[in-house]
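K.L.:
The sequence isn't on hand, but the structure is:
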């Protein structure tokens, strides 16, 4: 814990198969006008839409809908949503869905009372939002991004083929979040697995940095072990409540800032994966999976002690009689075997990435300095080619 | 994560050797009248008192002092402190010290605007406090109780020889907490070690319960590993910033409710230790140390799977060719060796406990039902005798 930091997280989380009941406790805290935000309409098939509308009605809310939020929410959609929220004089943005829907709601939250182009201001321009935001609440139906308890928002500018994430600060965290593991049962296996790898990547990208001996890294190892254990059960039996609930809870704590406190962080896998996503519109977690092993094998020698620790503490590699490099490599081999076991995509070609995209994708990758090795543009290209 | 639960924690934590600077950010949020609460005056020797007073003055606060809070704060002292806060029309209670001082501030916080005896209402009576409380902020100078980020308060009724803890709910959590690991350097070794064992006990008393496979238990294992590692360094070199900072951070997360979410909990070591404390006025963490091994050895067979897991995941016991019971026992042996290494008290006799106290102490022990085995009063007596 060598750095100075602030930790504060205002989100009230309601967890469990009765969690939705607590919407009744939260809704009265806000004004009458609610924008109900959701995605492609799966919540209409599984009954969640009806349940939420019923509770909103019982709480006498004046509701308009903002539906059709896409998996990689676009700037164009944000501009539309801003108009809906403005016209409705929104007191609360209630996001029902996964990370995309909540990320989108946050982008609207900071944009409603702001003139000008939200992309230029907040995503390209990285301005700090004013205090005058519209609060966000959420009902989570897909697990992975941790958006339910953080202030992050990732938006895609399709015209510029750029996908950019921002951390807006505590005031933009959802004020409340309803986490019912059963709501994730109906998600297709592909999406579930992508979410699981997204969680794993969030943890690893905070873990693989720093030489110090940080409590955060021990917490990360605990979360990783829980996630690996639970996900192996969930991919075989997606309606196993215990494993789905552990995955859901691990996801929240993987990216609500706790495990990154007091240490440097890497985040290059997200930079690489997001750029692949901007060119292919592929599922976020799968883009991370495709680039992870090439990236980690590339930087392993620069952070050897941590990769060795990862092998031993997370993958139970027995180091007896082996060199540090052998131990570290064996950890990544076990990670690869695990990735195959749960069924993530290991080759970006399967996500629609083609050779002719490599240069464009590489240009779209922000090169960060927090990890064990600062990449050159050529190294980015090499890693992307190996990810094919 | 089989249970339904709510997680919400409003405390803003400022961590690091520059943390005190952020008092300037927090103080303007409150009215002019501040009660500065502290203990025996060690903060006057190490400069913390002067620094806090300087910042209070720069923020134009009207300050009265409530000093002399004892290690086990008493009801009588709470009644005095309530008068001070009432007469001063306190807008903020600023606690500067360790868990005792913060616990005491919380007891005043809920009592100021309440008629009647706080003991009868809140501690014996377990009433829920009203919304009308005086907010608490804190500067932490001793690590262990986690009081800086929870709503717990433990108060001793000397007339009744009873020491009772309450969890008042989120509104009574400190609004802000300043955590500078350097402020803990001047603490005597005995107090530091007692604090370390208090932290360990908080984790273990949430960990040793439940049969399910809970993310909380994995987080607990991470915290334990970090704590064990850091404390071994700190007892040899108390001014090692890194280890002291890791201990401080582990302490906060050991008892801010996170690692107990979605699972049953034990807490009998605290029930036993607190009753020893009410009779001997011994240092809290040492009373826990004295009763822990007799208690855990007594219940081990009832929770064998978890004690085996503890041995393997926390103490790296190699289970090859051993029975579950042998593995579990070896874990507790390693724990005993560790306790000797860091220098905690292993016998309650050293804390002033005598044979003739046993019956009274046993009567003062609340028998809880969350652990692997519900004790009889006779078992309580047996464990206390073994703790001598």
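P.N.:
Arrived safely. It should be emphasised that the depicted structure is a prediction, and the values quoted were computed from it without experimental measurement. Numbering: from 1, shown residues only, chains lettered A, B, ... in the order given.

K.L.:
Check for me that residue A:80 belongs to a strand.
P.N.:
No. Looking at residue A:80 with DSSP: H, G, I helix; E, B strand; the rest coil, it is helix, so not inside a strand.

K.L.:
Strands of chain A, start to end?
P.N.:
Ranges of strands within chain A are A:5-15, A:33-37, A:62-66, A:92-97, A:136-140, A:152-157, A:162-167, A:176-179, based on DSSP state E.

K.L.:
Tell me which residue is most central in chain A.
P.N.:
The residue lying closest to the centre of chain A (Cα atoms, centre = their mean) is residue A:145, at 2.1 Å.

K.L.:
Please verify my assumption that that one contacts residue A:99.
P.N.:
Yes. The pair residue A:145 and residue A:99 qualifies as a contact (Cβ atoms under 8 Å) at a distance of 2.6 Å. (Glycine included, C-beta is placed from N, CA and C.)

K.L.:
Which strands or helices does the worst-scoring helix or strand of chain A on mean pLDDT pack on?
P.N.:
In chain A, no helix or strand scores lower on mean pLDDT, DSSP states H and E than strand A:162-167, which sits at a mean of 89. Judged by 3 or more Cβ pairs under 8 Å, 6 or more residues apart in numbering or on different chains; DSSP states H and E, strand A:162-167 is in contact with strand A:152-157, helix A:268-280.

K.L.:
What residues sit buried inside that strand?
P.N.:
A:162, A:163, A:164, A:166 (16 or more other Cβ atoms under 10 Å in any protein chain shown).

K.L.:
on that earlier part again, would a markdown table of the strands of chain A with distance to residue B:108 be doable?
P.N.:
Converted to a markdown table, the strands of chain A look like this (distance: least, Cβ to Cβ, whole Å):
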| stretch | distance to residue B:108 |
| --- | --- |
| strand A:5-15 | 24 |
| strand A:33-37 | 40 |
| strand A:62-66 | 43 |
| strand A:92-97 | 36 |
| strand A:136-140 | 34 |
| strand A:152-157 | 39 |
| strand A:162-167 | 37 |
| strand A:176-179 | 30 |
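
K.L.:
ok, how many other residues are close to residue A:100?
P.N.:
Neighbour count for residue A:100, taken as other Cβ atoms under 10 Å in any protein chain shown: 24.

K.L.:
Likewise for residue A:4?
P.N.:
15.

K.L.:
Could you report the separation of it from residue B:20?
P.N.:
From residue A:4 over to residue B:20 the distance is 11 Å, taken as Cβ to Cβ, to the nearest Å.

K.L.:
Which residues of the stretch 151-300 of chain A lie near chain B?
P.N.:
Counting by Cβ under 8 Å from any Cβ of the partner chain, the stretch 151-300 of chain A comes close to chain B at A:181, A:212-223, A:225-226, A:229-230, A:241-243, A:245-246, A:248-250, A:253, A:258, A:261-262.

K.L.:
Mark which of those residues are buried, thanks.
P.N.:
Buried by 16+ other Cβ under 10 Å: A:181, A:213-223, A:225-226, A:229-230, A:242-243, A:245-246, A:248-250, A:253, A:258, A:261-262, out of those.

K.L.:
Cross the residues you listed against helices and list the overlap.
P.N.:
A:215-223, A:225-226, A:229-230, A:242-243, A:245-246, A:248-250, A:253 (DSSP state H).

K.L.:
Most proximal residue of the stretch 151-300 of chain A with respect to chain B?
P.N.:
residue A:222 (3.2 Å; Cβ to the nearest Cβ).

K.L.:
what are the pairing partners of the least confident helix or strand of chain A, and which direction each?
P.N.:
strand A:152-157 (antiparallel) (DSSP bridges).

K.L.:
Identify the residues contacting the strand it pairs with?
P.N.:
A:72-75, A:78, A:99, A:103-104, A:106-107, A:118-119, A:123-124, A:145-147, A:162-168, A:172, A:255, A:274, A:277-278 (Cβ atoms under 8 Å, 6 or more residues apart in numbering or on different chains).

K.L.:
Look at the residue lying farthest from the centre of chain A and report its pLDDT.
P.N.:
Relative to the centre of chain A, the most outlying C-alpha is that of residue A:321, 38.6 Å out, by Cα atoms, centre = their mean. pLDDT for residue A:321: 97.

K.L.:
thinking again about what came up before, any residues in contact with both of residue A:145 and residue A:99?
P.N.:
Joint contacts of residue A:145 and residue A:99 (Cβ under 8 Å, 6+ apart) are A:198, A:284.

K.L.:
Find the residue closest to residue A:80 in space, skipping its chain neighbours.
P.N.:
residue A:66 (7.8 Å; Cβ to Cβ, 6 or more residues apart in numbering or on different chains).

K.L.:
and the one you found, how many neighbours does it have?
P.N.:
Quick note: residue A:66 (other Cβ under 10 Å) scores 25 neighbours.

K.L.:
contacting residues around it?
P.N.:
Per Cβ under 8 Å, 6+ apart, neighbours of residue A:66: A:35, A:36, A:37, A:38, A:80, A:81, A:84, A:85, A:108.

K.L.:
10 Å - rerun?
P.N.:
A:35-38, A:77, A:80-85, A:88, A:90, A:93-95, A:101, A:104-105, A:108 (Cβ atoms under 10 Å, 6 or more residues apart in numbering or on different chains).

K.L.:
So how do I select the buried members of those in ChimeraX?
P.N.:
If you want just the buried ones from the contacts of residue A:66 in ChimeraX, going by 16+ other Cβ under 10 Å, the selection is:
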select /A:35,36,37,38,77,81,82,84,85,88,90,93,94,95,101,104,105,108
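
K.L.:
Can you pull the domain assignment for chain A?
P.N.:
A:12-183, A:190-387 (the TED database).

K.L.:
okay if I get those as JSON lines plus distance to residue B:306?
P.N.:
Below are the domains of chain A laid out as JSON lines (distance: least, Cβ to Cβ, whole Å):
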{"stretch": "domain A:12-183", "distance to residue B:306": "22"}
{"stretch": "domain A:190-387", "distance to residue B:306": "15"}
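
K.L.:
With respect to residue B:56, which of the ones you listed lies nearest?
P.N.:
domain A:12-183 (25.2 Å; Cβ to Cβ).

K.L.:
Okay, now that closest one: how far is its last residue from its first?
P.N.:
End-to-end distance for domain A:12-183, by Cα to Cα, to the nearest Å: 18 Å.

K.L.:
Off-centre distance for that domain?
P.N.:
Domain A:12-183 sits 14 Å away from the centroid of its parent chain (Cα atoms, centre = their mean, to the nearest Å).

K.L.:
wait, isn't residue A:241 in contact with residue A:183?
P.N.:
No. Residue A:241 lies out of contact with residue A:183 (Cβ atoms under 10 Å); the separation is 11.6 Å.

K.L.:
Need the overlap of contacts for those two.
P.N.:
Common neighbours of residue A:241 and residue A:183 (Cβ under 10 Å, 6+ apart) are residue A:17.

K.L.:
ok, now which ones touch residue A:198?
P.N.:
A:99, A:143-146, A:251, A:254-255, A:270, A:273, A:283-289, A:344.

K.L.:
Please repeat the previous calculation with a cut-off of 6 Å.
P.N.:
Counting by Cβ atoms under 6 Å, 6 or more residues apart in numbering or on different chains, residue A:198 touches A:144, A:285.

K.L.:
Same question for the one 3 residues further on.
P.N.:
Counting by Cβ under 6 Å, 6+ apart, residue A:201 makes contact with A:269, A:288.
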